[in-house]
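Visitor: Here you go, sequence then predicted model.
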Amino acid sequence: MIHIDDILDTIRSYHAEADLDVVRKAYVYTAKVHKGQKTRPCMSHLMEVAAILTRLRMDVPTIVTGMLHDTLEDNLSTKEELRQLFGDEVAEMVDGVTKISKITFKTSEERQAENFRKMLLAMAKDIRVILVKLADRLHNMRVLGSQPEECRRKIAQETADIYAPLANRLGISWVKSELEDLSFSYLEPDSYKALAKKVEQHRRKSDTYVADVKRRLEEILQEHAIDGQVQGRYKHISSIHNKIVRQKIEFDQIHDHIAFRIIVPTVRDCYAMLGVIHSFWKPVPGRFKDFIAMPKANMYQSLHTTVFGPAGQRMEVQIRTEEMHRVAEEGIAAHWKYKEGKAANRTDGRFGWLRQMLEWQKELKDSSEFMSSVKIDLFPEEVYVFTPNGDVKELPKQSTPIDFAYSVHSDVGQRCTGAKVNGRLVPLKTELKNGDIVEIITSANQTPSKDWLKFVKTSKAKNRIRNWVKEQDRQQSLELGHDLLEKELRKYGFSYNRAVNLDTMKATIAELGFRSMEDLQAAVGYGKVTCNQVLSRLIPEQFKAEAPKPSRISQVLGKIRRKPVDAINVQGLDGILVRFSKCCNPLPGDEIIGFISQGMGVTVHAADCPRVLETDPERRIEVSWNRQKGATRPAKIRVQSLDQKGVLAAVTRVITKCEANILRASVYSTNEGRGILNFEVDVQDVQHLNRVMDSIQKIKGVTQVERLKTGRKG
C-alpha cells in the first residue's frame, strides 16, 4: 500500500511550496470516516488514486479531492462539512465527482457514447473533476480481476466506451493506453493472452535491435551537436489488436511494433533531426506526418516518420520537444492555466474545442498559480439529458421538456401533456439541466399549443408546432371562407355547391391568382380576398344588377374604415382595414410587407421585421406606400450627447426648424457624464427623418443620433 509520505514526497518534488498540511489533514479525515468499513482496501484505493494524480503533477486541491472523492457518495460526510474543513474548492470538486459517479452508461452505441462523454464534460465545470474520475477508474480497472465476471465485463465495456476515449480527448496518453489494455484484457481475455504472448516473444527478439538503433540515434545526435535523448517504445497490446481488426491483417504483417522517440530542446532541432534521419535511412512514402505545424485536436504535437531502418526493417520515429512530450503524456494536466468561458467551435467533430479552449503557455515558475483558473464551460450551447431508458439526448441550452419530446419523436411532441424531470412533475417550460432524466406524459387527445412557440428552443419543435398551427389556421380559414361565400352567394340565388361547378369558376380562380378552389376559399377566410371580388368575376351580370346598395350607416362606417388605408395600397384591394405594427414602426420609404390577421385586417410591418419573418408566408400580402397622400408617421430617435447646458434646447430648435412635430420627449443623464434624449417626432417619410437626424448630429455636444426601430434586426 502507498504511504502518505510517498504522496507528500512526490508533491514536494514538483511543488516545493505546496501546503502539505492540507493533504495530511485529508488523509487523517478520510481514515477516520472510513473506520468501521473495509478500511484497508478502501484506504488503499484512495491512496492509489492520489498517487495517480501526483503522477499527473496535479495541484493540492485535486489530490485532496482524490482522497475524499467517495465520502459524499457513501454518505460518510456532507458537502457542508467538507466546505468547512477543506474550503469551497474541494467541496465543489468532491460533489462534482459524486454526481458523475452516480450516472451509468447503458449502451455502447457510438453516437450515444460520444454524447455521454460530452455530458460528463459539460457536468464538470471544473475539468479537474474529470481527472479525479479518470484516476479513480484507472485504479478500479487495475484491481477489477477480483470482481465477478458480469461486473468485470460491464465496467470494462464502460471504460472502453467512455473513459479511455475521454482520456484520449484530454491528451493523457498513458492513462488512455492503460485503460484500453485493461479493458481488452477483461472483455476478450483469450485474445488478449494470445496476443500478449506474441508481443512478448517479439520483444525478446527485438531487444538487441532496439538497443542498437537507440545507440545509433544517440551517436547521430552527438555528431550534429544536438542535445537530446532517445527512447524505444513498444506499441500497446490494445493498439496492436485494433490495427489487426481495423486493417484485417495478421500479427506478422505489422511492421511498426517499435517506435523510437527523440526528444530535443527546440522546434528547430526537431526539423533538423528529421532531415538527418532521412539522410541516414530512406523514408517510407506517405508515412510522414507533421503534428507540430498541424497539432491534433487534443493539442498533441510531434513529427512522425517511418523509415527503412537497419536490415531494411520498417521503424517509426517520433521527434518532439520536451514541452511537447510533457503535453503528449499528461495532456490537459500539463497546463498550468486555462482559458475561461470561450465558446467551442463545434465544426470539428473530433473535439476541436480542446485546442481552442486552452491557453498555450509554458510552465509557470510560481507553483501557487498551479491550475489557478480551470472553471470552464466546454459546451456552452448544449445540454445533455437522459431518456428513462438511459439514452442521452443532446439539446440546445435552455431547452424544455417540449424540445425533448420532439427529439424523441414528432408524435410524442404533438401529444405531450406533461413531463417528469428526475421523477418530479414540472411545468413544460422548465429549463433542462445536464444529467436530468426526462419522462414525457402523452395523451391521444392532446394537440400542440401556440404558446409553446414562446419557449421552445429546437428548430424541430418550432417547425412542427408552426406547421400544426398553420394547418389549424388553414382549416379555420377554409371553414370561414366556405361560410362567407355561402352567405353572399345566397343573396344572388346561388348555393356554394352550385357555384363551384359554374363554368366561370376556373377563370375566377386563375384570375385571382390561385391554383385551386381550396386555395381561393382559404384566402377568403384569411381576408386576402373579399367575397365581392369573387362574385364580381364568378357571376358578373347578377352581381352588377343585384348588388345591394349600402345603408347610410354602412356608408359612414366605410368612410371611417377607409381612413387608415390612405397611406397604404394593399395589393390593389380597397376597403380593407390597415394598421401599422408597433414592433417595427415603419415609415414611408421603408420596405414593407403586410400580414393578414383574421378579423383585424392587414398589419403593416417593415420587410425585415423578425416578427413578420416568423409568420405564415401564406398570410403575407404585398403592400406599398401611397405616395400621393401627405399623411405623417411617428418615428422614435435617440440622441446621445455630452451632459452640458443648452443641448436639449438646441435639439428641440433643430427639430422644429426641420418642420417635424415633437410628440413626446424624455431626458436623463448617465453616471458617465452623458445625456440621453429620447424623442418621438412626426415625419413625412424616411428622407424627412434623415434630414432631422443629420441636422441634430451637427449640434455641438451631440455624439450620436440613432433611429429606434424596436423589434427589428440590427
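Guide: That came in fine, so what should we check first? Numbering: from 1, shown residues only.
Visitor: Just list the residues touching Ala523, thanks.
Guide: Contacts for Ala523 (C-beta atoms under 8 Å, 6 or more residues apart in numbering) come out as 477, 481, 512, 514, 529. C-beta: built from backbone N, CA, C; applies to glycine.
Visitor: ok, Phe288 touching Ser302?
Guide: No. The criterion here is C-beta atoms under 8 Å, and Phe288 misses it with Ser302 at 11.8 Å.
Visitor: Who has more neighbours out of those two?
Guide: The neighbour count for Phe288 versus Ser302, taken as other C-beta atoms under 10 Å, is higher for Ser302 (22 against 14).
Visitor: what about that one, distance to Arg169?
Guide: Distance, Ser302 to Arg169, using C-beta to C-beta, to the nearest Å: 18 Å.
Visitor: In JSON lines: the contacts of Ala523, plus distance to Pro396.
Guide: Listed next are those as JSON lines, based on distance: C-beta to C-beta, whole Å:
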{"residue": "Ser477", "distance to Pro396": "33"}
{"residue": "Gly481", "distance to Pro396": "38"}
{"residue": "Leu512", "distance to Pro396": "42"}
{"residue": "Phe514", "distance to Pro396": "39"}
{"residue": "Val529", "distance to Pro396": "40"}
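Visitor: Switch those residues over to TSV; also include distance to Leu46, secondary structure and neighbour count.
Guide: Converted to TSV, the contacts of Ala523 look like this (distance: C-beta to C-beta, whole Å; DSSP: H, G, I helix; E, B strand; the rest coil; neighbours: other C-beta atoms under 10 Å):
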residue	distance to Leu46	secondary structure	neighbour count
Ser477	70	helix	22
Gly481	76	helix	26
Leu512	81	coil	16
Phe514	77	coil	17
Val529	79	coil	21
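Visitor: Need the max-distance pair from the residues you listed.
Guide: Farthest-apart pair in these is Ser477 and Leu512; separation 15.2 Å (C-beta to C-beta).
Visitor: Buried ones in the strand or helix carrying Ala26, by neighbour count?
Guide: Take DSSP states H and E as the rule and Ala26 turns out to sit in helix 20-33. Burial within helix 20-33, assessed by neighbour count using 16 or more other C-beta atoms under 10 Å, is assigned to 20, 22-23, 26-27, 29-30, 33.
Visitor: Pretty sure Asn168 sits against Lys176.
Guide: Yes. Taking C-beta under 8 Å as the definition, Asn168 is a contact partner of Lys176 at 4.4 Å.
Visitor: quick one: which of those two has more around it?
Guide: Lys176 (24 against 21).
Visitor: and the end-to-end length of stretch 653-661?
Guide: 11 Å (C-alpha to C-alpha, to the nearest Å).
Visitor: quick one: which of the contacts of Ala523 is nearest Ser183?
Guide: Looking across those and measuring by C-beta to C-beta, the closest to Ser183 is Ser477, at 61.4 Å.
Visitor: residues contacting that closest one?
Guide: 521-526, 598.
Visitor: Swap in 6 Å and give it another go.
Guide: 522, 525-526 (C-beta atoms under 6 Å, 6 or more residues apart in numbering).
Visitor: Then Ala522?
Guide: 474, 477-478, 481.
Visitor: Pick the one among those closest to Ser238.
Guide: Using C-beta to C-beta, those come closest to Ser238 at Arg474, 59.4 Å.
Visitor: And the lowest mean pLDDT element among the helices and strands of this protein?
Guide: Here the helix or strand of the chain ranked lowest by mean pLDDT, DSSP states H and E is helix 353-357, holding a mean of 37.
Visitor: Can you tell me the element the residue lying closest to Leu20 once chain neighbours are set aside falls in?
Guide: What sits nearest to Leu20 in space, not counting adjacent residues and going by C-beta to C-beta, 6 or more residues apart in numbering, is Leu8, at 5.2 Å. Here Leu8, judged by DSSP H and E, is contained in helix 4-14.
Visitor: Ile172 reaches Gly331, doesn't it?
Guide: Yes. The pair Ile172 and Gly331 qualifies as a contact (C-beta atoms under 6 Å) at a distance of 4.0 Å.
Visitor: And the closest residue to Phe86 other than its chain neighbours, how close does it get to Val90?
Guide: Excluding the flanking residues, the one nearest Phe86 by C-beta to C-beta, 6+ apart is Val64, at 6.1 Å. Counting by C-beta to C-beta, the separation of Val64 from Val90 is 5 Å.
Visitor: who has more neighbours, these two?
Guide: Neighbour count, other C-beta under 10 Å: between Val64 and Val90, Val64 has more, with 30 against 22.
Visitor: pLDDT on whichever helix or strand that one is part of, on average?
Guide: Counting by DSSP H and E, the element that carries Val64 is helix 60-68. Averaged across helix 60-68, pLDDT comes to 92.
Visitor: What are the boundaries of the strands in the stretch 451-600 of the chain?
Guide: According to DSSP state E, counting those that start in this stretch, the stretch 451-600 of the chain carries its strands in the segments 568-570, 578-580, 592-597.
Visitor: can you tell me which helix in the chain is longest?
Guide: Of all the segments assigned as helix in the chain under DSSP state H, the longest by residue count is helix 189-223.
Visitor: Tell me which residues of it come out buried.
Guide: Across helix 189-223, burial judged by 16+ other C-beta under 10 Å covers 192, 195-196, 199, 202, 206, 209-210, 213-214, 217, 220-221.
Visitor: Looking at those residues, which is nearest Ile262?
Guide: Lowest distance from Ile262 to these (C-beta to C-beta) belongs to Leu217, with 6.3 Å.
Visitor: I figured that closest one was touching Gly228, is that so?
Guide: No. The criterion here is C-beta under 6 Å, and Leu217 misses it with Gly228 at 8.8 Å.
Visitor: Pull the distance from stretch 9-24 to the chain's centre.
Guide: Distance of stretch 9-24 from its chain centroid, counting by C-alpha atoms, centre = their mean, to the nearest Å, is 39 Å.
Visitor: end-to-end on that stretch?
Guide: Stretch 9-24 has an end-to-end distance of 12 Å (criterion: C-alpha to C-alpha).
Visitor: I'd like to know the average pLDDT value across it.
Guide: Averaged over stretch 9-24, pLDDT sits at 88.
Visitor: picking that back up, do me a favour and average the pLDDT over the helix or strand just after the longest helix of the chain.
Guide: Heading C-terminal from helix 189-223, the first helix or strand you meet, by DSSP H and E, is strand 229-234. When pLDDT is averaged over strand 229-234, the result is 85.
Visitor: residues of strand 229-234 that come out buried?
Guide: Of the residues in strand 229-234, those buried (16+ other C-beta under 10 Å) are 230, 232, 234.
Visitor: CA atoms only: put that strand into PDB for me.
Guide: Extracted in PDB, the C-alpha atoms of strand 229-234 (Å, rounded to 0.1, in the frame of the first residue of the first chain):
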ATOM      1  CA  GLN A 229      17.500  11.900 -25.600                       C
ATOM      2  CA  VAL A 230      16.300   8.700 -27.300                       C
ATOM      3  CA  GLN A 231      13.600   6.300 -26.200                       C
ATOM      4  CA  GLY A 232      12.500   3.000 -27.600                       C
ATOM      5  CA  ARG A 233       8.700   2.400 -27.300                       C
ATOM      6  CA  TYR A 234       6.700  -0.800 -28.000                       C
END
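Visitor: now the angle between helix 189-223 and that strand, please.
Guide: For strand 229-234 against helix 189-223, the angle by axes from the mean of the first three to the mean of the last three C-alpha atoms, to 10 degrees is 160 degrees.
Visitor: for the helix or strand following strand 229-234, which positions count as buried?
Guide: Going down the chain from strand 229-234, the next helix or strand is helix 237-247, by DSSP H and E. When burial is assessed from 16+ other C-beta under 10 Å, helix 237-247 yields the following buried residues: 237-238, 240-241, 244.
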